[in-house]
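Q: Kindly return the folded structure for what I paste below:
(one chain, ligands or ions: 1)
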Amino acid sequence: MARPAIFFLLFVVTNASLVLLYPFTLSRFLLVALIYAAGTLLILYLLFHPRNQWLVANRSRVDGEGCVALTFDDGPDPVDTPKLLDLLREKGVKATFFVVGKRADQYPDIVRRAWAEGHLVANHTWSHHALFCFLMPGCLRAEIERGTESVRRCCGFRPHFFRSPVGLRHPLLGPYLKDAGLEYVSWSIRTRDTLTANSSVLAQRILGKAASGDIILLHDHLPAGADVMLEALPRVIDELRERGFEFVLAGAREDVSDRTLEPASCEPAR
Ligand SMILES: [Zn+2]
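A: Take a look at the predicted model:
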């Protein structure tokens, strides 16, 4: 717990530096501005950078020469995830789905189908809370554990892999993931599919960046639908295959635990 404590100390010192402004002089102001800006930038980096290792150890690449991993966050979606699963089956590609627990409870058959067709199912928290990095400790633990329980209800195992909403960190995320037996998986290519309205632009962006070992972040549930991603994906898959890339999962399916559990009936999402 040393790093969470150091983080909290950094937060306190950064904000407490404001008391040095009194009595006000220009030199004091410059000193406080320097301390406050440096502390704030460091805090923002630690909380928001998707690949920083300091608060939570994480992987953003896969092993194996010529391997890339497609990952889909925020589903399942009742319309777009089945379309995506059809496409992946047609192309013979396996992918990793970071599912939101309360959506998984709404559409458990889709999650079960993803697992049954050889994909990897992972925990993307219970509710995909927008202020994930500011959650109180009890809420953070509940977001993690309820996400895991949702996957267990759908598929009959506890997931081993986890990704937080928008890659946000939390000072206590590292120790809580360890307690829950979860490993954090980040990404190396942010496709910005959530902001892109043109499938050619999206495909070109991915194809222009893709390299061996990349973990590619995409979304199978978006407020306006995932049509752009679904249109771009066949070209991305075909062209990467032509370049000799192989599509792999972001982690091993064997790493899930308690696989003998029977899927339970889902509780209604709240
Ligand atoms: Zn997400």
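Q: Going by C-alpha atoms from here, please, whenever you check contacts or count neighbours.
A: Noted.
Q: Would you mind confirming that residue 78 makes contact with residue 106?
A: No - in this structure, residue 78 is not within contact of residue 106 by CA atoms under 8 Å, at 9.0 Å.
Q: Look at the two and report which has more neighbours.
A: For residue 78 versus residue 106, the count of surrounding residues by other CA atoms under 10 Å is larger for residue 106: 20 against 15.
Q: so what's residue 222 closest to, chain neighbours aside?
A: residue 194 (7.0 Å; CA to CA, 6 or more residues apart in numbering).
Q: How is the one you found assigned, secondary-structure-wise?
A: With DSSP: H, G, I helix; E, B strand; the rest coil as the basis, residue 194 sits in coil.
Q: neighbours of it, just the number please.
A: Neighbours of residue 194 under the rule other CA under 10 Å: 18.
Q: Do you know the pLDDT at it?
A: You'll see residue 194 listed with a pLDDT of 94.
Q: Then residue 81?
A: In this prediction, residue 81 has a pLDDT value of 98.
Q: which residues touch residue 186?
A: Residues near residue 186 by CA atoms under 8 Å, 6 or more residues apart in numbering: 50-51, 58-61, 163, 167, 215.
Q: Likewise for residue 221?
A: Residue 221 touches 73-77, 80-81, counting by CA under 8 Å, 6+ apart.
Q: Now do it against the ion, distance only.
A: 9 Å (CA to the ion, to the nearest Å).
Q: same check, this time on residue 113
A: 20 Å.
Q: quick check: mean pLDDT across the longest strand along the chain?
A: Longest strand in the chain, counting residues (DSSP state E): strand 67-73. Strand 67-73 shows a mean pLDDT of 98.
Q: Which residues does it contact?
A: Contacts for strand 67-73 (CA under 8 Å, 6+ apart): 62, 94-100, 124, 211-221, 245-250.
Q: residues of the one helix or strand residue 115 maps to that come out buried?
A: Using DSSP states H and E, the element containing residue 115 is helix 108-116. For helix 108-116, a neighbour-count test (16 or more other CA atoms under 10 Å) marks 108, 110-112, 114-115 as buried.
Q: Tell me which other helices or strands the very next helix or strand once past that helix touches.
A: Next helix or strand after helix 108-116 toward the C-terminus (DSSP H and E): strand 120-123. Here strand 120-123 touches strand 96-99, helix 108-116, helix 137-155, strand 161-162, going by 3 or more CA pairs under 8 Å, 6 or more residues apart in numbering; DSSP states H and E.
Q: any idea how far the helix or strand that the shortest one is followed by is from the chain center?
A: Next in sequence after strand 161-162, counting helices and strands by DSSP H and E, comes helix 173-180. Offset of helix 173-180 from its chain centre (CA atoms, centre = their mean, to the nearest Å): 15 Å.
Q: how many neighbours does the residue of the stretch 1-150 of the chain found nearest the ion have?
A: Distances between the stretch 1-150 of the chain and the ion by CA to the ion are smallest at residue 74, namely 4.6 Å. Counted with other CA under 10 Å, the neighbours of residue 74 add up to 24.
Q: ok, it - contacts?
A: Each residue near residue 74 by CA under 8 Å, 6+ apart is listed here: 98-100, 124, 128, 219-222.
Q: pLDDT and distance to residue 255 for these - can I get that in a markdown table?
A: Converted to a markdown table, the contacts of residue 74 look like this (pLDDT from 0 to 100; distance: CA to CA, whole Å):
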| residue | pLDDT | distance to residue 255 |
| --- | --- | --- |
| 98 | 98 | 15 |
| 99 | 98 | 17 |
| 100 | 98 | 20 |
| 124 | 98 | 17 |
| 128 | 98 | 23 |
| 219 | 98 | 23 |
| 220 | 98 | 24 |
| 221 | 97 | 25 |
| 222 | 96 | 29 |
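Q: Closest to residue 144 out of those residues?
A: Residue 144 lies nearest to residue 124 out of the contacts of residue 74, by CA to CA, at 8.0 Å.
Q: So which residues of this protein form strands?
A: Going by DSSP E, the chain shows strands at 58-59, 67-73, 96-99, 120-123, 161-162, 183-185, 189-190, 215-219, 246-247.
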